[in-house]
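Colleague: Dropping a prediction and its sequence here:
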Amino acid sequence: MIAIYPGSFDPITLGHLDLIQRSSRLFEQVIVAVLRNPNKMPLFSVEQRLDQIRLSTEHLPNVKVDSFDGLTVNYAQMQQAQVLIRGLRAVSDFEVELQMAHTNKTLSTQIETVFLATSNEYSFLSSSVVKEIARFGGSIDHLVPPHIALDIYQCYNQKSPMLNPISTEAIPPLKNISVEREA
Ligand code: PNS
(Lines give C-alpha, C1' and ligand atoms only; values in the text may rest on other atoms or scores of the structure.)
Protein backbone atom coordinates (compact mmCIF):
# COMPACT_ATOMS: atom_id res chain seq x y z
CA MET A 1 0.00 0.00 0.00
CA ILE A 2 1.28 3.47 -0.89
CA ALA A 3 0.76 6.31 1.60
CA ILE A 4 1.11 10.04 1.06
CA TYR A 5 2.28 12.25 3.90
CA PRO A 6 1.24 15.73 2.71
CA GLY A 7 2.19 18.99 4.37
CA SER A 8 3.97 22.32 4.25
CA PHE A 9 7.13 21.12 6.03
CA ASP A 10 8.46 24.68 6.40
CA PRO A 11 10.73 23.25 7.75
CA ILE A 12 10.48 19.53 8.47
CA THR A 13 10.94 18.84 12.22
CA LEU A 14 11.97 15.83 14.30
CA GLY A 15 8.25 15.32 14.95
CA HIS A 16 7.54 14.98 11.20
CA LEU A 17 10.55 12.70 10.81
CA ASP A 18 9.38 10.46 13.64
CA LEU A 19 6.04 10.05 11.82
CA ILE A 20 7.77 9.35 8.50
CA GLN A 21 10.01 6.72 10.07
CA ARG A 22 7.07 4.99 11.78
CA SER A 23 4.92 5.17 8.62
CA SER A 24 7.72 3.64 6.57
CA ARG A 25 7.35 0.50 8.70
CA LEU A 26 3.61 0.34 8.04
CA PHE A 27 3.43 1.01 4.30
CA GLU A 28 5.19 -0.32 1.24
CA GLN A 29 6.01 3.18 0.13
CA VAL A 30 5.62 6.58 1.79
CA ILE A 31 5.62 9.71 -0.35
CA VAL A 32 6.35 12.88 1.59
CA ALA A 33 4.54 15.49 -0.49
CA VAL A 34 5.24 19.21 -0.10
CA LEU A 35 2.31 21.42 -1.08
CA ARG A 36 3.15 24.24 -3.51
CA ASN A 37 0.94 26.81 -1.83
CA PRO A 38 0.86 30.23 -3.53
CA ASN A 39 -1.11 31.68 -0.58
CA LYS A 40 1.68 31.19 1.94
CA MET A 41 4.93 33.09 2.44
CA PRO A 42 7.24 30.26 3.49
CA LEU A 43 10.66 30.61 5.07
CA PHE A 44 12.09 28.07 2.59
CA SER A 45 11.28 27.59 -1.10
CA VAL A 46 9.68 24.30 -2.12
CA GLU A 47 13.00 23.22 -3.67
CA GLN A 48 14.89 23.94 -0.45
CA ARG A 49 12.31 21.99 1.55
CA LEU A 50 12.54 19.04 -0.86
CA ASP A 51 16.34 19.00 -0.43
CA GLN A 52 16.04 19.25 3.35
CA ILE A 53 13.55 16.35 3.48
CA ARG A 54 15.56 14.21 1.05
CA LEU A 55 18.68 14.63 3.16
CA SER A 56 16.75 13.81 6.34
CA THR A 57 15.14 10.65 4.94
CA GLU A 58 17.94 9.19 2.82
CA HIS A 59 18.31 6.28 5.29
CA LEU A 60 14.71 5.19 4.56
CA PRO A 61 14.69 3.34 1.21
CA ASN A 62 10.88 3.24 0.83
CA VAL A 63 10.44 6.97 1.38
CA LYS A 64 10.13 9.22 -1.66
CA VAL A 65 9.98 13.03 -1.59
CA ASP A 66 7.91 15.07 -4.02
CA SER A 67 5.91 18.29 -4.37
CA PHE A 68 2.38 18.83 -5.60
CA ASP A 69 -0.19 21.51 -6.21
CA GLY A 70 -3.96 21.40 -6.16
CA LEU A 71 -5.95 18.90 -4.19
CA THR A 72 -4.14 16.31 -2.10
CA VAL A 73 -6.61 13.55 -3.05
CA ASN A 74 -5.99 14.20 -6.76
CA TYR A 75 -2.26 13.92 -6.19
CA ALA A 76 -2.79 10.74 -4.15
CA GLN A 77 -4.82 9.20 -6.97
CA MET A 78 -2.17 10.19 -9.49
CA GLN A 79 0.39 8.33 -7.35
CA GLN A 80 -1.97 5.36 -6.95
CA ALA A 81 -1.87 5.86 -3.20
CA GLN A 82 -4.68 4.67 -0.97
CA VAL A 83 -3.78 6.45 2.25
CA LEU A 84 -3.09 9.96 3.54
CA ILE A 85 -1.08 10.10 6.75
CA ARG A 86 -1.58 12.89 9.24
CA GLY A 87 -0.15 13.30 12.73
CA LEU A 88 -2.19 14.20 15.80
CA ARG A 89 -0.51 16.06 18.65
CA ALA A 90 -3.50 17.28 20.63
CA VAL A 91 -7.29 17.56 20.62
CA SER A 92 -6.98 20.91 18.83
CA ASP A 93 -5.29 19.10 15.92
CA PHE A 94 -8.05 16.52 15.91
CA GLU A 95 -10.78 19.07 15.13
CA VAL A 96 -8.93 20.50 12.16
CA GLU A 97 -7.72 17.13 10.92
CA LEU A 98 -11.11 15.48 11.19
CA GLN A 99 -12.66 18.25 9.12
CA MET A 100 -9.91 17.84 6.54
CA ALA A 101 -10.38 14.06 6.44
CA HIS A 102 -14.14 14.45 6.01
CA THR A 103 -13.63 17.02 3.25
CA ASN A 104 -11.20 14.72 1.47
CA LYS A 105 -13.67 11.86 1.77
CA THR A 106 -16.28 13.94 -0.09
CA LEU A 107 -13.74 14.46 -2.86
CA SER A 108 -12.63 10.84 -3.12
CA THR A 109 -14.08 7.78 -1.41
CA GLN A 110 -10.99 5.81 -2.49
CA ILE A 111 -8.55 7.61 -0.20
CA GLU A 112 -8.45 6.88 3.53
CA THR A 113 -6.86 9.19 6.09
CA VAL A 114 -4.79 7.39 8.72
CA PHE A 115 -3.96 9.36 11.86
CA LEU A 116 -0.81 8.58 13.80
CA ALA A 117 -0.42 9.86 17.34
CA THR A 118 2.70 11.98 17.58
CA SER A 119 5.32 10.59 19.95
CA ASN A 120 5.03 12.19 23.40
CA GLU A 121 8.38 13.93 23.17
CA TYR A 122 7.25 15.88 20.09
CA SER A 123 3.68 16.66 21.18
CA PHE A 124 4.48 20.39 21.48
CA LEU A 125 6.53 20.64 18.30
CA SER A 126 5.57 22.44 15.10
CA SER A 127 7.40 24.19 12.28
CA SER A 128 6.07 27.52 13.58
CA VAL A 129 7.48 26.90 17.06
CA VAL A 130 10.88 26.11 15.53
CA LYS A 131 10.86 29.34 13.49
CA GLU A 132 9.76 31.44 16.45
CA ILE A 133 12.51 30.12 18.73
CA ALA A 134 15.16 30.66 16.06
CA ARG A 135 13.86 34.15 15.22
CA PHE A 136 14.41 35.21 18.82
CA GLY A 137 17.86 33.68 19.03
CA GLY A 138 17.05 30.42 20.84
CA SER A 139 18.56 27.06 20.07
CA ILE A 140 16.56 24.67 17.90
CA ASP A 141 19.20 21.94 17.79
CA HIS A 142 16.92 19.58 19.73
CA LEU A 143 13.97 20.14 17.36
CA VAL A 144 15.28 19.68 13.81
CA PRO A 145 18.14 17.78 12.14
CA PRO A 146 21.50 19.62 12.31
CA HIS A 147 21.58 20.59 8.61
CA ILE A 148 18.16 22.19 8.91
CA ALA A 149 19.07 24.02 12.12
CA LEU A 150 21.99 25.51 10.20
CA ASP A 151 19.69 26.56 7.31
CA ILE A 152 17.34 28.24 9.77
CA TYR A 153 20.06 30.05 11.71
CA GLN A 154 21.35 31.35 8.41
CA CYS A 155 17.88 32.60 7.44
CA TYR A 156 17.59 34.58 10.65
CA ASN A 157 21.23 35.59 10.54
CA GLN A 158 21.62 34.06 13.98
CA LYS A 159 25.30 33.36 14.20
CA SER A 160 25.30 32.43 17.89
CA PRO A 161 22.10 30.76 19.03
CA MET A 162 21.69 31.09 22.79
CA LEU A 163 21.87 27.99 24.94
CA ASN A 164 18.59 26.35 25.63
CA PRO A 165 18.04 27.17 29.33
CA ILE A 166 16.64 23.71 30.16
CA SER A 167 19.42 21.89 28.34
CA THR A 168 22.08 20.46 30.64
CA GLU A 169 24.67 20.33 27.89
CA ALA A 170 26.34 23.22 26.17
CA ILE A 171 25.41 23.18 22.50
CA PRO A 172 28.61 23.06 20.46
CA PRO A 173 29.14 25.95 18.03
CA LEU A 174 28.13 25.24 14.45
CA LYS A 175 31.00 24.17 12.23
CA ASN A 176 31.03 26.87 9.61
CA ILE A 177 30.36 29.54 12.21
CA SER A 178 33.52 28.70 14.17
CA VAL A 179 35.45 28.87 10.87
CA GLU A 180 33.99 32.34 10.28
CA ARG A 181 35.03 33.43 13.76
CA GLU A 182 38.59 32.19 13.30
CA ALA A 183 38.98 34.01 10.00
O1 PNS B 1 1.51 20.94 7.04
P2 PNS B 1 0.13 21.49 6.87
O3 PNS B 1 0.21 22.95 6.46
O4 PNS B 1 -0.72 21.26 8.09
O5 PNS B 1 -0.54 20.67 5.65
C6 PNS B 1 -1.84 20.96 5.22
C7 PNS B 1 -2.15 20.26 3.88
C8 PNS B 1 -1.10 20.58 2.84
C9 PNS B 1 -2.17 18.76 4.10
C10 PNS B 1 -3.57 20.71 3.41
O11 PNS B 1 -3.64 22.10 3.45
C12 PNS B 1 -3.91 20.22 2.01
O13 PNS B 1 -4.14 19.05 1.80
N14 PNS B 1 -3.92 21.17 1.05
C15 PNS B 1 -4.13 20.86 -0.36
C16 PNS B 1 -5.50 21.36 -0.82
C17 PNS B 1 -6.57 20.35 -0.48
O18 PNS B 1 -6.49 19.21 -0.84
N19 PNS B 1 -7.62 20.82 0.22
C20 PNS B 1 -8.73 19.95 0.61
C21 PNS B 1 -8.55 19.38 2.00
S22 PNS B 1 -8.95 20.60 3.22
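Modeller: Ah, there it is.
Colleague: Can you show me the strands along this structure?
Modeller: Assigned by DSSP state E, the chain shows strands spanning 2-7, 29-35, 63-68, 83-88, 112-117.
Colleague: is it true that R135 touches N157?
Modeller: No - counting by CB atoms under 8 Å, N157 is not a contact partner of R135; they are 10.3 Å apart. In this view, the C-beta of every residue, glycine as well, is placed from N, C-alpha and C.
Colleague: between those two, who's got more neighbours?
Modeller: Of the pair R135 and N157, R135 is the one with more neighbours under other CB atoms under 10 Å, namely 13 against 6.
Colleague: ok, and what's touching the longest helix along the chain?
Modeller: As assigned by DSSP state H, the longest helix anywhere in the chain is helix 91-107. Residues outside helix 91-107 that contact it (CB atoms under 8 Å, 6 or more residues apart in numbering): 71-74, 84, 86-88, 111, 113, 115.
Colleague: and if we set it to 10 Å?
Modeller: 6, 71-74, 76-77, 84, 86-89, 111-115, 118, 123, 126 (CB atoms under 10 Å, 6 or more residues apart in numbering).
Colleague: chain center to that helix, what's the gap?
Modeller: The chain centroid and the centroid of helix 91-107 are separated by 19 Å under CA atoms, centre = their mean, to the nearest Å.
Colleague: contacting residues around the closest residue to Q52 other than its chain neighbours?
Modeller: In space, and not counting its chain neighbours, Q52 is closest to I148: 5.3 Å by CB to CB, 6 or more residues apart in numbering. Applying CB under 10 Å, 6+ apart, we find I148 in contact with 11-14, 17, 44, 48-49, 52-53, 55-56, 130, 140.
Colleague: Please list only the buried members of these.
Modeller: Buried members of these, scored by 16 or more other CB atoms under 10 Å, are 11-14, 17, 44, 48-49, 52-53, 56, 130, 140.
Colleague: near the ligand too, which of the residues you listed?
Modeller: When CB under 6 Å from any ligand atom is applied, no member of these is adjacent to the ligand.
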